[in-house]
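Asker: quick one, fold the following:
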Amino acid sequence: MDSQQRRAAIARRLAHSSVPVSASLLARELGVSRQIIVGDVALLRAGGLDVTATPRGYLLSRTRPGLVCTFASRHRAEDMQAELNAIVDQGCTVLDVVVEHPVYGQLTGALHLSSRRDVEEFLERCRRCEAQPLSLLTEGVHLHTVSCPDQQAARQVREALERLGFLYR
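Answerer: This is a model prediction of the structure:
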């Protein structure tokens, strides 16, 4: 399999997956190194394929049904799990986290968390890598882009964040 065939196989694999696919899994499936996959994905992106890198792997960006909302939050790092669970418990997906850095401008981290299991896996990866939340750069202030099935779910997210004292005004 040459490099063009491999990139086509990666694109097909991502197109047929509704969950993130890790570079390590793609590497095993295609018999190459993880670094080759990372390079291939970079070339696919440069060629116009809308690939998102999440903490759990690569996803092709798709138009989501429902409503996409942005919520502004402020809380301590140790409250991250409560915040994320409050969102996914309403049937919504946390698409990303955004902070406004004074030097770099807007910094965005793709999340794509849809369940408590996703949240726990994300937090476990943060612990393993000793990664700090982006919100530490902005004294806890950050935005989440959230995909909600409907207006009621979006309202429930707002109410849940407000009850927890995390909704930033």
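Asker: residue closest to the middle of this protein?
Answerer: Centroid check for the chain by Cα atoms, centre = their mean gives Leu111 as the closest residue, at 1.4 Å.
Asker: isn't it right up against Asp96?
Answerer: Yes - under the criterion of Cβ atoms under 8 Å, Leu111 makes contact with Asp96 at 5.5 Å. For the C-beta atoms, the positions are set from N, CA and C on the backbone; glycine is no exception.
Asker: overlap in contacts, those two.
Answerer: Among the neighbours of Leu111, those also in contact with Asp96 (Cβ atoms under 8 Å, 6 or more residues apart in numbering) are His144.
Asker: got a list of what the residue nearest to the centre of the chain touches?
Answerer: Contacts of Leu111 (Cβ under 8 Å, 6+ apart): 54-55, 94-97, 122, 144.
Asker: apply 10 Å and report the result again.
Answerer: The contact partners of Leu111, by Cβ atoms under 10 Å, 6 or more residues apart in numbering, come to 52, 54-56, 84, 87, 93-97, 118-119, 122, 144-146.
Asker: would you agree Thr108 is in contact with Thr54?
Answerer: No - in this structure, Thr108 is not within contact of Thr54 by Cβ atoms under 10 Å, at 11.9 Å.
Asker: tell me the secondary structure for the residue nearest to the centre of the chain?
Answerer: Classification of Leu111 using DSSP: H, G, I helix; E, B strand; the rest coil returns strand.
Asker: which of Thr108 and Thr54 has more residues huddled nearby?
Answerer: Legend: neighbour count by other Cβ atoms under 10 Å for Thr108 and Thr54, higher for Thr54 (20 against 13).
Asker: how far away is the more buried one from Asn85?
Answerer: According to Cβ to Cβ, to the nearest Å, Thr54 stands 18 Å off from Asn85.
Asker: ok, now Gln5?
Answerer: Using Cβ to Cβ, Gln5 is found at 42 Å from Asn85.
Asker: so for these two, which sits in the more crowded spot?
Answerer: Applying other Cβ under 10 Å to Gln5 and Asn85 shows that Asn85 carries more neighbours, namely 18 against 10.
Asker: how about the helices in the chain?
Answerer: Assigned by DSSP state H, the chain shows helices spanning 3-15, 23-30, 34-46, 80-88, 116-129, 151-164.
Asker: buried residues in the shortest one, which are they?
Answerer: When burial is assessed from 16 or more other Cβ atoms under 10 Å, helix 23-30 yields the following buried residues: 23, 25-27, 30.
Asker: show me which of the residues you listed is closest to Glu139.
Answerer: Using Cβ to Cβ, Ala23 comes nearest to Glu139 of the buried residues of helix 23-30, at 33.3 Å.
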